[in-house]
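Asks: generate a structure from the sequence data that follows.
(4 chains)
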There are 2 protein chains.
Amino acid sequence: MTKAARPRPKSASRPRKAARGQRQGGADGTRQRLIQVALDAFGRQGFEGASTRVIARKANANISAILYHFGGKEGLYLAVAEHIAAFIEGRIAPLRARIEAALAGGGVDADAATRLVELAVERQIALLAEPETEAFARFITREQQEPTAAFALIYDRVMGVMLPMLRRLVAIASHDDPAREAVGIRTFAIAGQFLIFRVGRAAVLRQMGWRDIGPAQVQAITPIIQHSVRAMLQAARLENSR
Amino acid sequence: MTKAARPRPKSASRPRKAARGQRQGGADGTRQRLIQVALDAFGRQGFEGASTRVIARKANANISAILYHFGGKEGLYLAVAEHIAAFIEGRIAPLRARIEAALAGGGVDADAATRLVELAVERQIALLAEPETEAFARFITREQQEPTAAFALIYDRVMGVMLPMLRRLVAIASHDDPAREAVGIRTFAIAGQFLIFRVGRAAVLRQMGWRDIGPAQVQAITPIIQHSVRAMLQAARLENSR
DNA sequence: GTCTATAGTCGGATAGAC
DNA sequence: GTCTATCCGACTATAGAC
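Replies: Numbers count the residues shown, from 1 in each chain, chains lettered A, B, ... in the order given. Presented below is the predicted three-dimensional model:
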């Protein structure tokens, strides 16, 4: 009963000795292709639903290549998480730098903070439209439901960076204390407004009659949510200034 | 390659001949226990990750009972979806009746519509706090990522009912046309504000320092999101009335 | 309606040649 | 670094006794 329903990722002793600077016989290509295919497979079918055989075949690689490069299925799973974290880290770096510089500078009043939140919202929605991130969302959403080491990795490198930053901005924009629970809740409420379009994808497509969530949809979504966020922050500020 | 990554639910010829009114030897109990355990297992580990062996053992039933009652693993999966749809249907019935009556009556102005949306938000958040719905959320969120027949079932009976209703209210509250894309987007943005607490559960718990999302958390979340929704709808109304 | 025994398939991992 | 061959465990589903 308690015996272990399945062997989910724990530590993953992936060897991956050489492969960074050498590139023998297109080896690095194999590694990258495996990660790419595995990202889609794990995201769609989950850790146990996806099979290494199918992943290897689709990546034009041998099954043993997974053992060689990642030490096993779990290692491949974690490598996918690393890939996701690295990709998003790179994409949000400019935004992060800009917000951190503003916050360090000290001259961020409520209006400036509101504008920075709106900027962050716009960038995050734009990220949703990039084709790669559709698979990311599937993978991460799965991890949110039943977190493994892969979630900790992604949280630490992406969410754990962005959320506190957004939270500080929300606090400034609403004349509140970032440590207060209400500020945290408000921050998630903001994130939820656009994340729902990834996470509730199937329902959104049906209800909206969309065939996909692409650039056209992003263009429709962005101003509405920015508007909503502004209204929410201003109302909270009024409330807190009484 | 195209050979079939896995045998997901298609039609499920579940026999389930007698079992409703007869109740021989505690049979109905077995059926219910299997559904209960399967809901948790499928939600956590996905269709292929969960094993009928473990489900049967945890439900104190024989593996063959799954074959007998549901015709197979796929039948059990769909039975879980049915259970979810029926449960939520029952829970939202009073709210639905109230909103439909108000809309049919015709006397719903923008303020009344806003209050009804706030009421719906409150009820939906309260639903999140009920312990059963945690497993529901896991199951449904999985289906959102890679929908099967189970998603169609739940969408038709729950989301497809609530979303258009909410959408009409949002349109009235914001002096807009329910058919407009912006109204649909706004409706999802509202839903996203509380759904994030279920769907982004792991991130919420980490960032907020919560150990669970229970009654105390619901009490903290509800007024903040109601306030946010009101601000958003009023801002949209102002925008549309110019 | 519940159970045991077992068939048949597919999974990940290993060993070792090249 | 890539490949084949193979092991062995775990899975779902079937057949048939009770």
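
Asks: and the residue nearest to A:M159 when sequence neighbours are not counted, what helix or strand is that in?
Replies: In this structure, A:M159 finds its nearest non-sequential neighbour in B:A203, 5.2 Å apart by Cβ to Cβ, 6 or more residues apart in numbering or on different chains. C-beta coordinates here come from the backbone N, C-alpha and C atoms, glycine included. Following DSSP states H and E, one finds B:A203 within helix B:201-208.

Asks: what separates that helix from the chain centre, distance-wise?
Replies: Put simply, helix B:201-208 sits 20 Å off its chain's centre (Cα atoms, centre = their mean, to the nearest Å).

Asks: spell out whether the helix with the most length in chain A and chain B are in contact.
Replies: Criterion DSSP state H: the longest helix present in chain A is helix A:73-105. No - Helix A:73-105 does not reach chain B (Cβ under 8 Å from any Cβ of the partner chain); its nearest approach is 12.7 Å.

Asks: could you check how far A:V108 is from A:G192?
Replies: The spacing between A:V108 and A:G192, counted by Cβ to Cβ, to the nearest Å, is 24 Å.

Asks: which stretches of chain A form helices?
Replies: Applying DSSP H to chain A gives helices spanning A:27-49, A:52-58, A:63-70, A:73-105, A:110-129, A:132-145, A:149-154, A:160-173, A:181-199, A:201-208, A:215-241.

Asks: please see if the fifth one touches chain B.
Replies: Okay, so that is helix A:110-129. No - Helix A:110-129 stays clear of chain B (Cβ under 8 Å from any Cβ), getting no nearer than 10.9 Å.

Asks: tell me which residues of that helix are tucked away?
Replies: Under the neighbour-count criterion of 16 or more other Cβ atoms under 10 Å in any protein chain shown, helix A:110-129 has A:110, A:113-118, A:120-125, A:127-129 buried.

Asks: closest to DNA strand D among these?
Replies: DNA strand D has its nearest neighbour among those in A:L127, at 31.6 Å by Cβ to the nearest atom of the strand.

Asks: residue contacts, the closest one?
Replies: Listed by Cβ atoms under 8 Å, 6 or more residues apart in numbering or on different chains, the contact set of A:L127 reads A:I88, A:R91, A:I92, A:T133.

Asks: report the contact partners of the third one.
Replies: Contact partners of A:I92, counting by Cβ under 8 Å, 6+ apart, are A:R123, A:L127, A:V158, A:V161, A:M162.

Asks: minimum pLDDT in those residues, which residue is that?
Replies: Ranked by pLDDT, the contacts of A:I92 bottom out at A:L127, which has 95.

Asks: tell me, how many residues neighbour A:P94?
Replies: Applying other Cβ atoms under 10 Å in any protein chain shown, we find 10 residues neighbouring A:P94.

Asks: correction: A:G192
Replies: There are 25 residues near A:G192, going by other Cβ under 10 Å.

Asks: from what I can see it touches B:F188, true?
Replies: No - using Cβ atoms under 8 Å, A:G192 makes no contact with B:F188, being 9.9 Å away.

Asks: buried set for the lowest-mean-pLDDT helix or strand in chain A?
Replies: Lowest on mean pLDDT, DSSP states H and E among the helices and strands of chain A sits helix A:27-49, with a mean of 93. Applying a neighbour-count criterion of 16+ other Cβ under 10 Å, one finds A:28, A:30-31, A:33-49 buried in helix A:27-49.

Asks: before we move on, the earlier item: for the contacts of A:I92, which one is nearest DNA strand C?
Replies: For these, the minimum distance to DNA strand C (Cβ to the nearest atom of the strand) is 26.6 Å, reached by A:V158.

Asks: so what's that closest one up against?
Replies: Contacts of A:V158 by Cβ under 8 Å, 6+ apart are A:A85, A:I88, A:E89, A:I92.

Asks: how about A:A150?
Replies: Contacts of A:A150 by Cβ under 8 Å, 6+ apart are A:P9, A:Y77, A:L78, A:V80, A:A81, A:F139, A:E143.

Asks: so what's A:G43 up against?
Replies: If a contact means Cβ under 8 Å, 6+ apart, then A:G43 has A:A135, A:F136, A:A137, A:R138, A:F139, A:R142, B:Q145 as its contacts.

Asks: any chance of those in CSV with pLDDT and neighbour count as columns?
Replies: Shown next, in CSV, are the contacts of A:G43 (pLDDT from 0 to 100; neighbours: other Cβ atoms under 10 Å in any protein chain shown):
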residue, pLDDT, neighbour count
A:A135, 96, 19
A:F136, 98, 23
A:A137, 96, 20
A:R138, 96, 24
A:F139, 98, 26
A:R142, 95, 26
B:Q145, 93, 24
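
Asks: before we move on, the earlier item: out of the contacts of A:V158, which are buried?
Replies: Neighbour-count burial (16+ other Cβ under 10 Å) is assigned, among those, to A:A85, A:I88, A:I92.

Asks: out of the residues you listed, who's nearest DNA strand C?
Replies: Top of the list for closeness to DNA strand C, among the buried ones among the contacts of A:V158 and by Cβ to the nearest atom of the strand, is A:A85 at 22.1 Å.
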